[in-house]
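In: Provided below are the primary sequence and the corresponding predicted coordinates.
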Amino acid sequence: MVAAIVSVGSEITRGEVADSNADWLASRMTSLGFEVSERVCVDASRPRLAATLARLGQSARVIVATGGLGPTGDDVTVDAVADALGVRRAVDASLEEVSLRRTSGTLDLRTLELPEGALWLGRAAHERAFAIRVGGAQALFLPGDPAAMEGVFESTALRHIIGLAQPLDVRARLRTCGVSEAALEARLRDLAGPQVSFGFRATTPEVTLTIRALGHDRADASERLARVVEEVRARLGGAVFGDDDQSYAACVGRALRSRGLTLAVAESCTGGLIGSMLTAVPGSSEYLLLDAVTYSNASKERVLHVSNELLLGHGAVSRECARAMAAGARRVSGADLAVAVSGIAGPTGGSAEKPVGLVFLALEGAGGVTERVARFEGDRAMVQRQAAYMALSMVRDACLGPVPAALASVCG
């Protein structure tokens, strides 16, 4: 069932306020089984909003609009709906009796007016919201305040559209690291078809994979989705690190906890990013013993005991320095594993021999040392982000095993 979402407000069209209401509604409507075909933002123009509603009334079966329902001059939604339908504004007598809103001791009837034929949805007389038919669509008009909008939608508005939902498709999201979009698509192409589709959203170096399955009913679609998800996980292996809301650092923490291992981190070019990612996860103190941000050569010597001779001979950005940093972090912390990163994040500081984006990484454990060398593209923040993910991937690999070579990219 096709649905459209309308956000009303000049502050949104001008970019002064983020349109979080539309994001929430799109996600919620999709989860209910609606196909959200349009998200429209209209400024506080009565004729433009009326024209937009008239158009959507011909193309959608459900319209959900937010904003423009207050008492000020730029709140034009009620007037625009009335214009689109060719009706007057009117006050329901029952609302007048229970109204909580007064002006100089009298009822402020303007805040109770709706287009003729509308059904009041507000949970109180001061919370204007309503339902009405607009062309061929059932339309809901909700408050612009996010908390009020969500409350009205769930408590009084949803019942007016839930019967129109067609929950014939279900979706799952898997988060991956170490796999490019192209590699993902190539590995999964043969699974796609009329009843299964894939969507890819890259946030380097992660790619979020959305799997959509159709069925004769929700149970049929859910069964098909479960089979596809199982096959996708089998094909991608360790490249899949979590579901919708799990971070990569949380995945690494889970791997450390599952093996009973502790970790130390020594950072230079990432400037504490790895430690920040790890400590954002509740309970990380169970496995993270040290995060040493040794940005200068002097701190590398004093904190991690990297020798002055090594720094003079090879430089701070070198394979030898990364190894020495990892060894020093493991020694001073007593951790089972230690990972170290040293590189040139840019935009300055590079040379022909050591260009911007060059990063050396080392991980030391009881079984020896693992090294990586990478040349990352992008600005300073992107280089740091990719380096941090690669360091975390080395820790995860040490716990669980590496991503298959055929899939590995930044995190592999």
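Out: Yes, it's here. Not measured: the values here are computed from a predicted model.
In: Quick one: low-confidence residue ranges for the stretch 301-412 of the chain.
Out: 402-412 (pLDDT under 70).
In: How many residues are close by the nearest residue to residue 76 once chain neighbours are set aside?
Out: Excluding the flanking residues, the one nearest residue 76 by CB to CB, 6 or more residues apart in numbering is residue 46, at 4.4 Å. C-beta: built from backbone N, CA, C; applies to glycine. For residue 46, the neighbour count with other CB atoms under 10 Å is 18.
In: how near is residue 46 to residue 379?
Out: To residue 379, residue 46 is 44 Å away according to CB to CB, to the nearest Å.
In: Over to residue 52?
Out: 39 Å.
In: Neighbour count: those two, which is higher?
Out: residue 52 (22 against 13).
In: Surely that one and residue 43 touch.
Out: No: Residue 52 is beyond contact range of residue 43, at 10.5 Å (criterion: CB atoms under 8 Å).
In: ok, what's across the strand from the nearest residue to residue 272 once chain neighbours are set aside?
Out: In space, not counting the residues next to it along the chain, residue 272 is nearest to residue 293; the distance is 4.6 Å by CB to CB, 6+ apart. In this entry, residue 293 is beta-bridged to residue 267, by DSSP bridges.
In: Count residues in the vicinity of residue 293, would you?
Out: 17.
In: quick one: contacts for it?
Out: 267-268, 271-272, 275, 299 (CB atoms under 8 Å, 6 or more residues apart in numbering).
In: how about those residues, which pair is most distant?
Out: 275 and 299 (14.7 Å; CB to CB).
In: more neighbours, those two?
Out: Regarding residue 275 and residue 299, a neighbour count based on other CB under 10 Å identifies residue 275 as having more, with 20 against 14.
In: Which residues outside the host helix or strand of the more buried one are in contact with it?
Out: Using DSSP states H and E, residue 275 maps to helix 273-279. With contact meaning CB under 8 Å, 6+ apart, helix 273-279 is reached by 247-249, 252-253, 263, 265, 267, 284, 288, 291, 293, 339, 341, 384-385, 388, 391-392.
In: elements contacting the helix or strand containing residue 257?
Out: Under the criterion of DSSP H and E, residue 257 resides in helix 248-259. On a contact count with 3 or more CB pairs under 8 Å, 6 or more residues apart in numbering; DSSP states H and E, helix 248-259 meets strand 240-242, helix 273-279, helix 380-400.
In: and if we set it to 6 Å?
Out: strand 240-242, helix 380-400 (3 or more CB pairs under 6 Å, 6 or more residues apart in numbering; DSSP states H and E).
In: where do the helices sit along this structure?
Out: Under the criterion DSSP state H, the chain contains helices at 10-13, 20-32, 46-59, 77-85, 93-98, 146-152, 181-188, 218-236, 248-259, 273-279, 297-304, 308-314, 319-333, 380-400.
In: Let me have those in CSV, adding distance to residue 195 as columns.
Out: Conversion of the helices of the chain to CSV gives the following (distance: least, CB to CB, whole Å):
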stretch, distance to residue 195
helix 10-13, 37
helix 20-32, 17
helix 46-59, 25
helix 77-85, 38
helix 93-98, 48
helix 146-152, 32
helix 181-188, 14
helix 218-236, 6
helix 248-259, 30
helix 273-279, 38
helix 297-304, 55
helix 308-314, 57
helix 319-333, 49
helix 380-400, 33
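In: Which among the ones you listed is found nearest to residue 4?
Out: With CB to CB as the yardstick, what comes closest out of the helices of the chain is helix 46-59 (4.7 Å).
In: mind listing what's buried in the closest one?
Out: For helix 46-59, the buried set under the neighbour-count rule, 16 or more other CB atoms under 10 Å, comprises 46, 49-50, 52-54, 56-57.
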